[in-house]
Structure formats: C-alpha cells, structure tokens
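J.: The amino acid sequence is not available; the structure is as follows:
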C-alpha cells in the first residue's frame, strides 16, 4: 500500500516516460511495487504489479490502495480486487467494484474501498471518436482496429493507449473473479475462480488498454488489449472475455 505522499511522488515525480518496446524493461519497477508512468499524447498512463505475477505466482495482496486514486479527475482503470475476490473498473472517475454476490448474482459497489494486486490506469481529459465499422464486431477485430485507428488519428500505436467503446453491445461475455479461501494460487486455480456471465443487447461503456509490449503485465499473454465494462446504472461490470460489438458503437481515443 502507498501513503498518499509516497504515491504522488512516485507517479508525478521522476518516473521516466515510455521509450522502448521491451516487456522486460518495465517488469522490474512493477514488481518493486512502484507505479510506472508513461506520457502519451493527451493522456498519462500508469501501471503497477503484473498480471502474470498474480496469476502464475500467486501475488494476490494489494499493490495499490484504490483510495489513493479517488480524487483523480478523468480517471480510467481496470484490474482485479486484491485476493482475486472481484474486479475493478473505473470510468471517468466512477468506480465499479464487481463481486459475485449471494445466489451467484453480479454485485457492484460504487466505491474506492479496495486494493488491487495489479492495475493499469490513465487520466484522459478529452477524447476523439470514430465510428466502429460493420466489419469490426469481435474481440480480435477490435484488437486490430484500435492501433489502426490510433495511428490514423496521429497517436503512436507503439505506446500503450487507453480507449473506450460506447454504445449498445450485442453481447458481452464477461467474468468476475471469485476466489474463496486462502489456498495458494496458480494458473489452474485461476481458471476455476472465473465466474462467467452474459449481457445481451446492453448499453455499456467498455474501457480498454492496448499495448503491444505489455503482455503478462496489464494484458494477457495472448492479447494486446484488456477490456472491462460498466453499464450506465452501474449495476453490472467485469472483465470481458468475448464480445459482439453493436452496430452503432463508437471508439474513443485520447485527444492528442
């Protein structure tokens, strides 16, 4: 956990901006429980911890207290709740802590009262938007469309980039982590604690982070994007597994 003074010094002080594409170049600071800061055109992006360290090596304790971010404006963040007992989604500074409640239902708390073993977040004051074309409907198609659109808008697609997808989505297949007990954790157990849900024809804002160089840090090892979502009434959110994008969806990228 960070004190507020220590956290602000780490994130807004002397951390270097992203310069290379090597995954190893950023794994050290994250494991040291210090946030890494990257400056992009129109946004600042940070991450702490590493997904692979949590999933593969059982590092489940909080690397960051979300209350340290509560005053941040235009904040967007995703990650799991500490001890893998839920999901963290923050969209424009509105938090969703989603857990599996009684009877196996989705339970969302609009609160910063939690920690996360790894987290990626960004502050984005302004967005620019493009329509999602009809040939982009699935998770893999979105994964290819994001960097292509970023480059067309003058953003550096070699860098990590936050993005949004807004509209009525055809299908959101998502999970919420629901670890019970305190046994040691590994990849096999990680799959077992994912409780899956589906939303059909639902209005939602998807928040994502793209990076070609951070697999296993804040994206999975087999993808360059990591997606969560939040419904307008904040009654449902979680980690997106598969996706069918709606016909009127809009992709938003930082205004450089």
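T.: The structure has been received and is ready for your questions. For clarity, every value in this text was computed on a predicted model and none was experimentally measured.
J.: Can you check the pLDDT for residue 6?
T.: As summarised for this prediction, residue 6 has a pLDDT of 40.
J.: go on, the one 3 residues further on?
T.: Looking at residue 9, its pLDDT stands at 35.
J.: Now do the SS call for residue 128.
T.: Going by DSSP: H, G, I helix; E, B strand; the rest coil, the secondary structure assigned to residue 128 is strand.
J.: Can you read off the backbone torsions of the residue nearest to it when sequence neighbours are not counted?
T.: The spatially closest residue to residue 128, leaving aside those adjacent along the chain, is residue 255, at 4.6 Å (C-beta to C-beta, 6 or more residues apart in numbering). From N, CA and C alone the C-beta is placed, and that goes for glycine too. Dihedral angles of residue 255 (phi, psi; degrees, to the nearest 10) stand at phi -80, psi 110.
J.: wait, doesn't residue 255 sit right on residue 40?
T.: No. Using C-beta atoms under 8 Å, residue 255 is not in contact with residue 40; the gap is 11.1 Å.
J.: right, and the helix or strand after the helix or strand hosting residue 45?
T.: Applying DSSP states H and E as the criterion places residue 45 in strand 43-48. Beyond strand 43-48 on the C-terminal side, the first helix or strand identified by DSSP H and E is helix 51-57.
J.: Have a look at residue 255 and residue 40 and say which one is more surrounded.
T.: Applying other C-beta atoms under 10 Å to residue 255 and residue 40 shows that residue 40 carries more neighbours, namely 20 against 15.
J.: Could you give the bridge partners of that one?
T.: The partner list for residue 40 in beta bridges (DSSP bridges) reads residue 43.
J.: Contact partners for it?
T.: Listed by C-beta atoms under 8 Å, 6 or more residues apart in numbering, the contact set of residue 40 reads 122, 155-156, 159-161, 254, 256.
J.: now those residues: which count as buried?
T.: Neighbour-count burial (16 or more other C-beta atoms under 10 Å) applied to the contacts of residue 40 gives 122, 155, 159-161, 254.
J.: rewinding a little: for the strand holding residue 45, which helices and strands make contact with it?
T.: Counting contacts by 3 or more C-beta pairs under 8 Å, 6 or more residues apart in numbering; DSSP states H and E, strand 43-48 packs against helix 24-31, strand 36-40, strand 119-123, strand 161-177.
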